[in-house]
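Undergrad: predicted model follows, preceded by the sequence.
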Amino acid sequence: MQLTLIILGIIILLVGLLWPWLTKLPIGKLPGDIIIQKPNFKIYLPVTTMIIGSLLLSLIFWLFRK
C-alpha cells in the first residue's frame, strides 16, 4: 500500500508540473465527444475520450499485473 501511494503521489506531481503542456493536447476534443450548447446551458460528454482513457488504464493495469 505504501508503494502504491508513493507512485500515485509521483504521478500527481508529474501531471501538475506538466499541466501547461498537457492542456495543449487535443485530449477532450476528439471526434465522438458530444457538446450540446444552448443559451445559458452547455453540456459536454467526452464519450470518445473516456473510451480511450479506459483502454489506456486497462493496458497499464494489465502490464503491472504481469
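TA: Noted; the coordinates are in hand.

Undergrad: how much space between G9 and I60?
TA: 17 Å (C-beta to C-beta, to the nearest Å). Placement of C-beta: from N, CA and C, glycine included.

Undergrad: likewise for I10?
TA: From I10 to I60 the distance is 14 Å (C-beta to C-beta).

Undergrad: Q2 too?
TA: From Q2 to I60 the distance is 20 Å (C-beta to C-beta).

Undergrad: over to P39?
TA: 41 Å.

Undergrad: who has more neighbours out of the two?
TA: I60 (10 against 5; other C-beta atoms under 10 Å).

Undergrad: what about the more buried one, which helix or strand?
TA: Per DSSP states H and E: I60 is located in helix 47-65.

Undergrad: pull out the buried residues from that helix.
TA: T49 (16 or more other C-beta atoms under 10 Å).

Undergrad: what is that helix packed up against?
TA: Here helix 47-65 touches no other helix or strand, going by 3 or more C-beta pairs under 8 Å, 6 or more residues apart in numbering; DSSP states H and E.

Undergrad: mind listing residues that contact it?
TA: Helix 47-65 is contacted from outside by 27-28, 30-34, using C-beta atoms under 8 Å, 6 or more residues apart in numbering.

Undergrad: and with 10 Å instead?
TA: 7, 26-34, 46 (C-beta atoms under 10 Å, 6 or more residues apart in numbering).

Undergrad: restrict it to CA atoms and write it as CSV.
TA: Output of helix 47-65 as CSV, limited to C-alpha atoms (Å, rounded to 0.1, in the frame of the first residue of the first chain):
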residue,chain,number,x,y,z
VAL,A,47,-17.5,9.7,-24.9
THR,A,48,-14.5,9.0,-27.1
THR,A,49,-12.1,10.5,-24.6
MET,A,50,-13.5,8.2,-21.8
ILE,A,51,-13.2,5.1,-24.0
ILE,A,52,-9.6,5.9,-24.9
GLY,A,53,-8.8,6.6,-21.3
SER,A,54,-10.4,3.4,-20.2
LEU,A,55,-8.4,1.4,-22.7
LEU,A,56,-5.1,3.1,-21.6
LEU,A,57,-5.8,2.4,-17.9
SER,A,58,-6.7,-1.2,-18.7
LEU,A,59,-3.5,-1.6,-20.6
ILE,A,60,-1.4,-0.1,-17.8
PHE,A,61,-3.1,-2.2,-15.1
TRP,A,62,-2.7,-5.3,-17.2
LEU,A,63,1.1,-4.6,-17.6
PHE,A,64,1.5,-4.0,-13.9
ARG,A,65,-0.2,-7.3,-13.1
